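> just need the structure, nothing else, for what follows:
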Amino acid sequence: MKLRILIADDNELVRKGLRTLLEGQPGWQIVSEAVNGREVVEKAGWHRPDVVVLDYNMPEMDGLSAVPKIHDVAPDAEILVLTQHDAPYTVQRGLDAGIRGYVLKSDAGHDLLAGIVAVGQHKTFLSASISRDCSAPRQPPDA
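Okay, here's the model as predicted:
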């Protein structure tokens, strides 16, 4: 499967680790890396990736705010959030914003590659620990 991937995470070690892992997959190409939300939008427009692996918490613009802007500049890009945030409301907000996949960093060892394949095929993918709670509330408990 050929995939052009953009990695967006403000942590250099995470970006480098992702690049090493993903470049080792046959047919996968890392087209660029971004360190903040504004940069990921800009680079998505330049490179038109198939998949954006996006951290939720980033400086200048968080991942959730970047999602619609990425779709504006690269409408065919599928977005997979890679984050530590597992609150059902946070997951639902991402899905409502237009992400295709949501992988917890704690589950990345066994879910990340499968998640990228799934979103690259325009399928929804959620980490196993998230998908067990499909009836996630649409609002935070104290809203």
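
> rounded mean pLDDT for stretch 23-34, please.
Taken as a whole, stretch 23-34 has an average pLDDT of 96.

> straight-line length of it, end to end?
Length of stretch 23-34, first residue to last, C-alpha to C-alpha, to the nearest Å: 16 Å.

> okay, buried residues for that stretch please.
Buried positions in stretch 23-34, judged by neighbour count with 16 or more other C-beta atoms under 10 Å: 28, 30-34. Yep, even glycine has a C-beta here, placed from its N, CA and C like the rest.

> quick check on residue 4: phi, psi?
Dihedral angles of residue 4 (phi, psi; degrees, to the nearest 10) stand at phi -100, psi 120.

> can you pull the contacts of it?
Shown in contact with residue 4 (C-beta atoms under 8 Å, 6 or more residues apart in numbering): 29, 31, 47-51.

> how much space between it and residue 78?
11 Å (C-beta to C-beta, to the nearest Å).

> and for those two, which residues touch both?
Here residue 4 and residue 78 share the contacting residues 50-51, scored by C-beta under 8 Å, 6+ apart.

> spatially nearest residue to residue 59 (excluding sequence neighbours)?
residue 36 (4.7 Å; C-beta to C-beta, 6 or more residues apart in numbering).

> how close does the one you found sit to residue 54?
Residue 36 is 11 Å from residue 54, by C-beta to C-beta.

> tell me which of those two has more neighbours.
For the pair residue 36 and residue 54, the greater number of neighbours falls to residue 54 (29 against 18), based on other C-beta atoms under 10 Å.

> what bridges to the more buried one?
Beta-bridge pairing of residue 54 under DSSP bridges involves residue 8, residue 81.

> ok, it - contacts?
8-9, 40, 63, 66-67, 70, 79-82, 99.

> residue 122 too?
By C-beta under 8 Å, 6+ apart, the neighbours of residue 122 are 78, 100.

> quick one, helices of the chain?
Remark: helices assigned in the chain by DSSP state H are 12-23, 37-47, 63-73, 88-97, 108-120, 128-131.

> lowest-confidence stretch among those?
helix 128-131 (a mean of 80).

> what helices or strands is that one leaning on?
strand 101-104 (3 or more C-beta pairs under 8 Å, 6 or more residues apart in numbering; DSSP states H and E).
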